[in-house]
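Peer 1: okay, predicted coordinates and the sequence, questions at the end:
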Amino acid sequence: MLGYLLIAPAAIILLGLLAYPLVLGVWLSLTSATLGKAGEFVGLQNYATILADPIFRGAAAYSVFYTVCSEVGKLVLGLALALVLNQQFRGYRAARALMLLPWVAPTVLSALAWLWLLDPQFSALSWLLVQLHLVHSNVDFLGHPWPARFSLIVVNIWRGLPYFAIGYLAGLQSISKDLYEAAAIDGADGWQAFRRITWPLLAPITTILVAFSSIFTLTDFQLIWTITRGGPTDATQVFTTLAYQRAISGGQLGEGAAIAISPIVFMVVLAFFVVRSVREK
Amino acid sequence: MKHLDRREFLATSAAGIGAAALTGAFPSLASAADASPFKPEKDAKLELLRWSGFVKADDTIWAENTKKFTAATGVPVQIQSLNWPDVTPKAALAAQVGSGPDIVMGWNDDPFVYPDKLVDMTDVVENLGKAHGGWYDNARSYCFDQDVKRWVALPVGVTGNALNYRKSWAREAGFNEFPKDLDGMLKMARGMKKNGHPTGFALGHAVGDANSWTHWILWAFGGKQANPDNSIAINSPETNGALQYGKALYETMIDGVSGWTDASNNQAFLAGKIGLTMNGISIWYVAKEQFPAIFPDCANAIPPYGPVKTHTIANNFTSAYVFKYSKYPNAAKDYLRFMLDQAQAGPWVTGMLGYVTPALKGYADLPIWTQDPNITPYRDVMQGAKYDGYNGKPGKAAAQALDEFVLVDMFADVCVNNMAPKDAMRKAETRLNTIYKRA
């Protein structure tokens, strides 16, 4: 009995702050609720509606594409950055601190900065490319579907890079130097040491980093809403922006909740692989 | 307080407003409060959520007028200002949770999304309408809910949309005066582009600037989103004409308009990158205040008419509504009546150089509208103004279609994505059918 009493505060917090909103979201997705009206139970009708909606299907496809591309980019660049920062060079401590800037800056602020960097008329990035004679005129980063989609992926990679880098840096520092010395004695070169020692020992942390980051990326809202609002022509809609547009701006809470709940399918699959992977390790 | 009629007000306002502002000598506030048919509740206090002013004088004068209200009635009013597109979601959440600001000054058909949550404003509408020459038709379209059959919001006015252009570049293109019809405007735009001065109209998900010009062009060709019975009417030869025109106009535009936000056209115009755009008077106001080098060359014009031969202007309509959860609905009504009464609204509109065109017809006679010919088009934007979802029933469905940028994306599909007009119309029609059926 005492045990239950002791865990009660934590259980109440978990149920109140985590479970309640989730359960409410699921319930709303099964109703015809609109802003200010509770609506009626409609079963899976909202899900049927969104599945038939080409804008939702486009948003789901781009959400997955955005997440996969961003995660690959962040993983590769984050690992490379961690390998560099794992060396002790002049000013390495300052470099490690600076690396965190994209991660600690408020998302909306960095999104606004990127909005300027990607502006069709006043982009500093375009200016640089013109100065380097790589392009003849300003690049229209956000005006057409695919450039806009890739631009957002680049911004997401920029923002999430420190999370991977700092995670990998911690992982690298926990690897015993003895292993590398033994490998060197056995005649292993740098690449072999990385492939046979570093990468296998970083695998558990990779799983955790990718899992958590994928969840953050799949539910990303601020970057996309600030930069494109899902445009042009719904090309950069993701689950969250579309859910917000339908539920909050449009007042269709039931349909918006169904859209917001949809990525849970992907997250459950992801969680399954993560748990299995961690257990195997 | 005896309400001055329009002529009496105007006879005294030019000198009186200025003198009052200089000396701080406001009209008798106590009598203003006594005469009001709305008696604030005991210990009332109010919270207003509104959009941040696009011009500095808006916020300043609104706050000064609010202080006058508090001085007259003892009711404190806390003002919370937000970036304008953020008011809609914040108000929506307040409606949903039943808690938040007493009054919201919001946009377009927002009140139609949750009419049951809003206080009946019919009495304030009638009171002000009687005192100030009645309301423009647009006021009823945006504030009278046809489902619940009452005024769910108090019309305030519009941040009008007119055309802003560079006079010298128009002259170089052969136009000493701004064209009166769309064909003339296209010729001018082509001439300007040829001379290295493109036009710029937002085609991204820019809430105000993309919706304004696309709706104007659609209506100018006789296109309409819906019929009066709310059946979808977008797929029509008239819409086809509008899309063809939009495509031709797009060819005169600067690169990148399909990624523009609401701030982009202002920046491009003030930086001299474009010679023609559509915006509120804020663009001209900022030029006047901060860009003296280009200001003498900046001019404004009423949007030309198209084949329908009448003006078809899409403005951003702002209205104020009171939530039923407010403990002080009478105080809220009294505050709004006070703020839109002549002693307050006159200086407010004048100080903003007409940024908000009031929905009350009486204020069309304010001297500010003719003080500079570039301000006059913003007085006239209410005439011929139509509403979101025209010619269907104003309400939830129209609000949702606007929020989803259905018409903007239809134009963008044709202009940017090179979709055939018939396919873009069909795509919009499918989406509108879903929205209207659901609502």
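Peer 2: Received it, and whenever you're ready, just let me know what you need. Numbers count the residues shown, from 1 in each chain, chains lettered A, B, ... in the order given.

Peer 1: who touches B:Asn315 in this structure?
Peer 2: Each residue near B:Asn315 by C-beta atoms under 8 Å, 6 or more residues apart in numbering or on different chains is listed here: B:Asn138, B:Val158, B:Thr159, B:Gly160, B:Asn161, B:Ser212, B:Thr357, B:Val381, B:Met382, B:Ala385. From N, CA and C alone the C-beta is placed, and that goes for glycine too.

Peer 1: if we ignore the residues flanking it in sequence, what's nearest it?
Peer 2: For B:Asn315, ignoring the flanking residues on the chain, the nearest one in space by C-beta to C-beta, 6 or more residues apart in numbering or on different chains is B:Val158 at 3.6 Å.

Peer 1: what packs against the strand or helix carrying the one you found?
Peer 2: Using DSSP states H and E, B:Val158 sits in strand B:154-159. When contacts are defined as 3 or more C-beta pairs under 8 Å, 6 or more residues apart in numbering or on different chains; DSSP states H and E, strand B:154-159 packs onto helix B:122-131, helix B:137-143, strand B:316-322, helix B:329-340, strand B:356-358.

Peer 1: partner strands of that strand and their direction?
Peer 2: Applying DSSP bridges to the sheet, strand B:154-159 is found paired with strand B:316-322 (antiparallel), strand B:356-358 (antiparallel).

Peer 1: in chain B, what residue lies closest to chain A?
Peer 2: Going by C-beta to the nearest C-beta, chain A is nearest to B:Gly256 of chain B, at 2.2 Å.

Peer 1: any idea which helix or strand comes after the strand holding B:Val158?
Peer 2: strand B:162-166.

Peer 1: sheet partners, orientation included, of that next one?
Peer 2: Strand B:162-166 is paired, per DSSP bridges, with strand B:276-279 (antiparallel), strand B:298-301 (antiparallel).

Peer 1: who touches the following helix or strand past that strand?
Peer 2: Later in the chain than strand B:162-166, the nearest helix or strand by DSSP H and E is helix B:167-172. With contacts defined as C-beta under 8 Å, 6+ apart, helix B:167-172 is touched by B:Asn176, B:Phe178, B:Met188, B:Gly191, B:Met192, B:Asn195, B:His197, B:Gly275, B:Leu276, B:Asp297, B:Cys298, B:Ala299.

Peer 1: OK, contacts around B:Ser236?
Peer 2: Contacts for B:Ser236 (C-beta under 8 Å, 6+ apart) come out as B:Gly223, B:Lys224, B:Met425.

Peer 1: show me which residues of the stretch 201-350 of chain B are close to chain A?
Peer 2: B:203-205, B:254-261, B:264, B:267-268, B:271, B:273 (C-beta under 8 Å from any C-beta of the partner chain).

Peer 1: closest one of those to A:Ser137?
Peer 2: Checking these against A:Ser137 by C-beta to C-beta gives B:Asp255 as the nearest, at 7.5 Å.

Peer 1: which of the three states applies to the residue lying closest to the closest one once chain neighbours are set aside?
Peer 2: In space, and not counting its chain neighbours, B:Asp255 is closest to A:Asp140: 5.2 Å by C-beta to C-beta, 6+ apart. Using DSSP: H, G, I helix; E, B strand; the rest coil, the secondary structure recorded for A:Asp140 is coil.

Peer 1: any idea how far A:Asp140 lies from A:Thr233?
Peer 2: 14 Å (C-beta to C-beta, to the nearest Å).

Peer 1: could you check which of the two is surrounded by more residues?
Peer 2: A:Thr233 (28 against 22; other C-beta atoms under 10 Å in any protein chain shown).

Peer 1: which strand or helix spans B:Gly106?
Peer 2: Secondary structure from DSSP H and E places B:Gly106 in strand B:103-107.

Peer 1: restricting to C-alpha, output that strand in PDB.
Peer 2: What follows is strand B:103-107, C-alpha atoms only, in PDB (Å, rounded to 0.1, in the frame of the first residue of the first chain):
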ATOM      1  CA  ILE B 103     -13.300  41.100 -26.200                       C
ATOM      2  CA  VAL B 104     -11.500  40.100 -29.300                       C
ATOM      3  CA  MET B 105     -10.800  42.400 -32.200                       C
ATOM      4  CA  GLY B 106     -10.400  39.800 -34.900                       C
ATOM      5  CA  TRP B 107     -10.600  39.200 -38.600                       C
END
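
Peer 1: quick check: angle from it to strand B:316-322?
Peer 2: If you take axes from the mean of the first three to the mean of the last three C-alpha atoms, to 10 degrees, strand B:103-107 sits at 160 degrees to strand B:316-322.

Peer 1: now for strand B:103-107, which elements pack on it?
Peer 2: In terms of contacts (3+ C-beta pairs under 8 Å, 6+ apart), strand B:103-107 is packed against strand B:46-51, helix B:84-97, strand B:316-322, helix B:329-340.

Peer 1: how does it look with 10 Å?
Peer 2: With contacts defined as 3 or more C-beta pairs under 10 Å, 6 or more residues apart in numbering or on different chains; DSSP states H and E, strand B:103-107 has these neighbours: strand B:46-51, strand B:77-82, helix B:84-97, strand B:154-159, strand B:316-322, helix B:329-340.

Peer 1: for B:Glu289, which of the helices and strands packed on strand B:154-159 is the nearest?
Peer 2: strand B:356-358 (17.5 Å).

Peer 1: no further queries at this time; thank you.
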